[in-house]
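Enquirer: below are the sequence and a predicted model for it; my questions follow.
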Amino acid sequence: MPNFLPDLPETLIHEALSRAPGNELRSGKFDGAESSSALIANAFGWFLERPGTLPPLPGVPAGAVEAVDLAAEMRFPWSGGRHPWLDVAIVTHTTLVGVAARRYEPFRPAKQTGFADVYDRPVWGPNMARYTALALQLIEGTADYRSLNAAQLVKDAYGIRTRASKRALGAVLVYLYAEPAAWASGKPVDAAAKARHRAEIARFGAAVAGDDVVFVPLRWGDLLRQWAQVPALSAHVAALRARFGDLG
């Protein structure tokens, strides 16, 4: 049984994580020292029963939060095949915010995804042309991303756009990433790898700027600093920092 931080709705978190592909709870990955899933569940699980207490994410002027979900499927506009799952979905009166969160993944050997069942379906509309152009460059091998899983982020954006358009909401993809000083073993995380990741984030953002799905990069450290300024969240942030250490 995972050891969650105090004051979390454990049953709701279990239900959310159990419906996601891979079921990290059952596999034991959730309890790993470098688990992203554990960080996400403990950080955002606090808001499942009190979404209105979640401040608007830095750089996302979306208004008061109405709902927070973990492990949210963002289905494409067809029934079969695989569909992207976002780590967190945040809904406001005006906007659907999908959060793709990373911790150590960008600094491990690259595991890029492809586009076999996505890129060639003309269903995204003209205001997703930049994402589609980037997808085609990735397929052709002319866009080089070694740290950032750009293909997965394009799929995430397609899924968010589909769900948001059905609800007549604006669409935002938040890339929430860490820059830890060291691995769980104590070995330093390569500074050059962090710099390369940061550069690839900026390049991805420039490539898709202006499309329907707004891309917002956000560091875990900056998010926690924002939360720490809210008195009701200060104890939660302190517990997160004590459990998960330096996030950059």
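Expert: Okay, I see it. Residues are numbered from 1 along each chain as shown.
Enquirer: pick out the residue nearest the middle of the chain.
Expert: Ala100 (1.2 Å; C-alpha atoms, centre = their mean).
Enquirer: is it bridged to anything, and to what?
Expert: Taking DSSP bridges as the rule, Ala100 bridges to Tyr175.
Enquirer: cool, and Ala67?
Expert: Note on Ala67: beta-bridge partners by DSSP bridges are Val91.
Enquirer: what distance do you get for it to Ala209?
Expert: Ala67 is 27 Å from Ala209, where distance means C-beta to C-beta, to the nearest Å. C-betas here are computed from N, CA, C, even on glycine.
Enquirer: which one of these two is surrounded by more residues?
Expert: Neighbour totals were compared for Ala67 and Ala209, and Ala67 leads with 15 against 10 (other C-beta atoms under 10 Å).
Enquirer: per-residue pLDDT, that one?
Expert: Confidence at Ala67, expressed as pLDDT, is 97.
Enquirer: now it: how far from Ala157?
Expert: Taken as C-beta to C-beta, the span from Ala67 to Ala157 is 20 Å.
Enquirer: repeat that for Ser234.
Expert: Look at Ser234 and Ala157: by C-beta to C-beta, they are 33 Å apart.
Enquirer: between those two, who's got more neighbours?
Expert: More neighbours surround Ala157 than the other of Ser234 and Ala157, with 30 against 12 (other C-beta under 10 Å).
Enquirer: for the closest residue to the more buried one other than its chain neighbours, list each beta-bridge partner.
Expert: Of all residues not flanking Ala157 in the chain, Val213 sits nearest, at 4.2 Å (C-beta to C-beta, 6 or more residues apart in numbering). For Val213, the beta-bridge partners are Ala171 (DSSP bridges).
Enquirer: and Val213, how many neighbours?
Expert: So Val213, with other C-beta under 10 Å, has 25 neighbours.
Enquirer: how about Asp31?
Expert: Neighbour number of Asp31 under other C-beta under 10 Å is 14.
Enquirer: tell me which element the closest residue to it other than its chain neighbours is part of?
Expert: For Asp31, ignoring the flanking residues on the chain, the nearest one in space by C-beta to C-beta, 6+ apart is Pro2 at 6.0 Å. For Pro2, there is no enclosing helix or strand under DSSP states H and E.
Enquirer: lowest average confidence, helix or strand, in the protein?
Expert: helix 24-27 (a mean of 64; mean pLDDT, DSSP states H and E).
Enquirer: which residues in this protein form strands?
Expert: Taking DSSP state E, the strands of the chain run over residues 65-73, 85-92, 95-101, 170-177, 213-219.
Enquirer: reformat those strands as JSON lines; add distance to Arg203.
Expert: Below are those laid out as JSON lines (distance: least, C-beta to C-beta, whole Å):
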{"stretch": "strand 65-73", "distance to Arg203": "27"}
{"stretch": "strand 85-92", "distance to Arg203": "22"}
{"stretch": "strand 95-101", "distance to Arg203": "17"}
{"stretch": "strand 170-177", "distance to Arg203": "12"}
{"stretch": "strand 213-219", "distance to Arg203": "11"}
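Enquirer: and Leu134, which of those strands is closest to it?
Expert: Leu134 lies closest to strand 213-219 among those, at 10.6 Å (C-beta to C-beta).
Enquirer: stretch 179-198: which residues count as buried?
Expert: 179-180, 189, 194, 196-198 (16 or more other C-beta atoms under 10 Å).
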